[in-house]
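J.: pasting the sequence and the predicted model now:
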Amino acid sequence: MSYRSSVVHHFLGATLFLLSMSYAVVYLNTLTAVSGPGEGAAARAQAARLHELALLTLQRAPDQEAACLRLGPFFTQAAIVDSQRRIRFVCSGVVQQIEDNLRWLRLDALPGWHEERFDRYPFGGGTLQRAAPIRPATDPGERLWFFVSVELPSRSWRALISEAAWSFLPFLLFSVLLIWWRARQVCEDLANLDVVFEAFRQGRLEARPPVSKIREIARLQDGIRSFAEETEAAAAMLHKEKNELEAVFSAMTEAVVVLDPSGRITRMNRRAFELFPVNPGRVVGQPLGELIVHPDLDMLLSDGRIDASPVRADLHFDSPRPRVLQVHCSRIRSAVGLLTGTLLVFEEVTLLRRLESVRREFSSNVSHELRTPITSILGFVETLREGTSTEEERHHYLEVIARSAGRLHAIVEDLLNLSRIELITDSQAAGLEPVEVTGVLEAAIGMCARAAQERDIRLLVEPSSGVTAPLNASLFEQALVNVIDNAIKYSPEHSEVRISQEEVGDELRIHVRDQGIGIPEKDLPRIFERFYRVDKSRSRKAGGTGLGLSIALHVMQVHRGTIRVESRPDEGSCFTLVVPVTSPGSGTVDGGMSQGS
């Protein structure tokens, strides 16, 4: 309903009520009003004079009954009655009505000249009843009375209405104006409240209604104002909590997927879109099976155990790349226990599972590497304790024990060196200082020269200009020795190992090329792992501990550098050590480094 029609309806209702009350007031006023001297008194006096004239005429007439008939039309009721209220002759009117009116007369005890009674009507006028004795009487032994009843005229309805209208008009006009003003004010207040409620419906809780001058509406507005302020504060708190939850939800390193009870996706966070590349605008409402295709996940969601408690499992994927995702599934229920959805939390544990596998292999390899020399030492010591061996046999046994002990010592030393290198976390702890690389390279070649001579392997060093780089000389020399020694061990006799260096941009690259057996492609990602050997039998014969390349990798990490390898079976291998020639800052390690960590 519009504002104008609302005002009209309120005004019409109030006006009808006012008119009804006005009619009641006028009616009650006329009921209690007393006629003035210009109305009832004059009419009664005229009626009384008419009665007296008729009485004189009746007394002088020789035939009173005939005279009564002639006088009857002048009165409403007229009759000649005796002292016992018996009607002797009816001049006009109805006998029964005349008898009813005679009941009030006291004709026997009437001392005065006449008796009169006047009944006033509510709206003016009335009935004048009058009785007087007839003189002289026709019969001296009885006394007769002439009774008349006259209807005095009352005011007309038109006169009454006109009088009431003119007397009530000022009050009516004032009331109409007052009602119009109040109705308009009420409707304006209601229209303002309607605007405020519409703003609330649109979410604009800051809207407030203007203060009304009507006390009841002002009290209602105060309640609405308090409600709006409390709701606005609660909404602000909810908005803040929602933003915080959204920030946490988006910043989570785990992928979160929320499903509805039918298994369709309702929400995904940023990490989920990274793990499962899909169009963010089309993912909501799609079945989970269209996004993540994995039979174990379908079985997990249909497993009844998830209804009782959260379930965790590993999912192995082959595409788009081999990876392992750990999924945590739990049901979402309402406050009354109704199922409202399912929460899936995915975490990529590919590296963790690989490290766990490396740790298990490392433990197994360490045990095996230590068990072999220890077993040899214990076996030959037990043989020597028996005392049955010859001098030549004892000498051989002691040489085996010495070699096993030396191998055991080398393994322990390499493990200790590797542990010390892993503890270095920054360049300051590494003790890096500007060092001429050529000098370090020559020292490392000198340490490997004897092993090369024993196998008749030539170490060819390509000449280069002196380059200075921030290095820990002893650590970098150890890494070079391990790489060069590894090339010598796996190269055939009478071959050669080439060592060269080049400066590319801000990097210094040292290449160590051999003509050995090479490394199969499947083993390249793992050669920097501890105790990993491509050919285990050949490695043990060569006397290696299986830690040389792992130590070299960690030394390069300390120098914020990298170590790379290129190799093909039967074509030899090329190891490249890359170090920055400027002061190292924070940097990242490439694929070879991450594989060995």
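T.: Arrived safely. Numbering: from 1, shown residues only.
J.: from Leu193, how far out is Val186?
T.: In this view, Val186 and Leu193 are 11 Å apart by C-beta to C-beta, to the nearest Å. Glycine gets a C-beta too; all of them are placed from N, C-alpha and C.
J.: with Ser302 instead?
T.: As for Ser302, its distance to Leu193 is 54 Å (criterion: C-beta to C-beta).
J.: neighbour count winner among these two?
T.: The residue with more neighbours, out of Ser302 and Leu193, is Leu193; 17 against 9, by other C-beta atoms under 10 Å.
J.: count of neighbours near the residue nearest to that one when sequence neighbours are not counted?
T.: With sequence-adjacent residues excluded and distances taken as C-beta to C-beta, 6 or more residues apart in numbering, Leu193 is closest to Pro209, at 5.5 Å. As a burial measure, Pro209 scores 23 neighbours (other C-beta under 10 Å).
J.: pLDDT value on Pro209, please?
T.: Looking at Pro209, its pLDDT stands at 83.
J.: for His511, same thing?
T.: Predicted confidence (pLDDT) for His511: 92.
J.: what residue spans form the domains of the chain?
T.: Following automatic domain parsing, one finds the domains of the chain at 40-155, 252-348, 353-419, 426-596.
J.: next, the distance between the ends of the second one.
T.: Going back to what we said before, that points to domain 252-348. 13 Å (C-alpha to C-alpha, to the nearest Å).
J.: how about the helices of the stretch 251-400 of the chain, start to end?
T.: Remark: helices assigned in the stretch 251-400 of the chain by DSSP state H, counting those that start in this stretch are 270-275, 288-291, 295-302, 305-308, 350-386, 391-422.
J.: Ala444 against Glu477, yeah?
T.: Yes: using C-beta atoms under 8 Å, Ala444 makes contact with Glu477 at a distance of 4.9 Å.
J.: okay, which residue is most central for the protein?
T.: Note on the chain: the residue nearest the mean C-alpha position is Lys242, at 5.9 Å, using C-alpha atoms, centre = their mean.
J.: secondary structure element holding that one?
T.: Assigned by DSSP states H and E, Lys242 belongs to helix 215-251.
J.: show me what that helix is packed against.
T.: helix 157-201 (3 or more C-beta pairs under 8 Å, 6 or more residues apart in numbering; DSSP states H and E).
J.: what helix or strand does the closest residue to Asp514 other than its chain neighbours sit in?
T.: Nearest residue to Asp514, sequence neighbours excluded (C-beta to C-beta, 6+ apart): Ala487, at 3.8 Å. Using DSSP H and E, Ala487 maps to helix 473-489.
J.: tell me the angle that helix makes with helix 391-422.
T.: If you take axes from the mean of the first three to the mean of the last three C-alpha atoms, to 10 degrees, helix 473-489 sits at 130 degrees to helix 391-422.
J.: so what secondary structure elements neighbour helix 473-489?
T.: helix 437-454, strand 496-504, strand 507-513, helix 548-558, strand 572-580.
J.: what residues sit buried inside the first one?
T.: Translated: helix 437-454. Neighbour counts over helix 437-454 (16 or more other C-beta atoms under 10 Å) mark 437-438, 440-441, 444-445, 448, 451-452 as buried.
J.: just give me the closest of those to Tyr397.
T.: Distance to Tyr397, by C-beta to C-beta, is smallest for Ala451 among the buried residues of helix 437-454, at 26.0 Å.
J.: state whether that closest one and Ala487 are indeed in contact, as I suppose.
T.: No: taking contacts as C-beta under 8 Å, Ala451 lies outside contact range of Ala487: 10.3 Å.
J.: could you find the closest non-adjacent residue to Gly572?
T.: Gln515 (4.6 Å).
J.: contacts only, for that neighbour.
T.: When contacts are counted by C-beta atoms under 8 Å, 6 or more residues apart in numbering, Gln515 is found next to 491-492, 495-497, 572.
J.: buried ones among those residues?
T.: Buried members of these, counted by 16+ other C-beta under 10 Å: 491, 495, 497, 572.
J.: could you dump those to TSV with distance to Lys522 and pLDDT?
T.: Putting the buried ones among the contacts of Gln515 into TSV (distance: C-beta to C-beta, whole Å; pLDDT from 0 to 100) gives the following:
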residue	distance to Lys522	pLDDT
Ser491	22	87
Ser495	25	90
Val497	25	91
Gly572	18	87
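J.: possible to save these as CSV with distance to Val256?
T.: Below are those laid out as CSV (distance: C-beta to C-beta, whole Å):
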residue, distance to Val256
Ser491, 54
Ser495, 58
Val497, 54
Gly572, 50
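J.: nearest to Leu315, out of the residues you listed: which one, please.
T.: Nearest to Leu315 among these: Gly572, at 41.2 Å, using C-beta to C-beta.
J.: ends of stretch 195-214, what's the gap?
T.: 18 Å.
J.: would you indicate which residues of that stretch are buried?
T.: Across stretch 195-214, burial judged by 16+ other C-beta under 10 Å covers 196, 199-200, 205, 209, 212.
J.: who's in contact with it?
T.: Contacts of stretch 195-214 (C-beta under 8 Å, 6+ apart): 182, 185-186, 189, 192-193, 218, 221, 224-225, 228, 231-232, 235.
J.: what segments of the stretch 51-200 of the chain are strands?
T.: Secondary structure of the stretch 51-200 of the chain, counting by DSSP state E, counting those that start in this stretch: strands at 77-82, 87-92, 115-120, 126-133, 144-152.
J.: remind me which residues of the stretch 151-300 of the chain are low pLDDT?
T.: 154-169, 171 (pLDDT under 70).
J.: kindly export stretch 227-236 (C-alpha atoms) in CSV.
T.: C-alpha atoms of stretch 227-236 as CSV (Å, rounded to 0.1, in the frame of the first residue of the first chain):
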residue,chain,number,x,y,z
PHE,A,227,18.3,-4.4,17.5
ALA,A,228,20.0,-3.0,14.4
GLU,A,229,23.1,-2.0,16.5
GLU,A,230,23.3,-5.4,18.1
THR,A,231,22.8,-7.1,14.7
GLU,A,232,25.4,-4.9,13.1
ALA,A,233,28.0,-5.7,15.8
ALA,A,234,27.2,-9.4,15.5
ALA,A,235,27.5,-9.2,11.7
ALA,A,236,30.8,-7.3,11.9
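J.: shift numbering so it begins at 5
T.: With the count now opening at 5, the last piece we talked about shows up as stretch 231-240.
J.: list the buried ones in that stretch?
T.: Neighbour-count burial for stretch 231-240, counted by 16+ other C-beta under 10 Å, picks out Ala232.
J.: how far is that stretch from where the chain is centred?
T.: Chain-centre distance of stretch 231-240: 15 Å, with C-alpha atoms, centre = their mean, to the nearest Å.
J.: and what of stretch 88-100?
T.: 99 Å.
J.: can you get me the start-to-end distance on that stretch?
T.: For stretch 88-100, the first and last residues are 16 Å from each other (C-alpha to C-alpha).
J.: run through who's touching that stretch.
T.: Applying C-beta under 8 Å, 6+ apart, the set of residues contacting stretch 88-100 is 68-69, 72-73, 75-77, 79-86, 102-103, 106-107, 109, 111-112, 148, 153.
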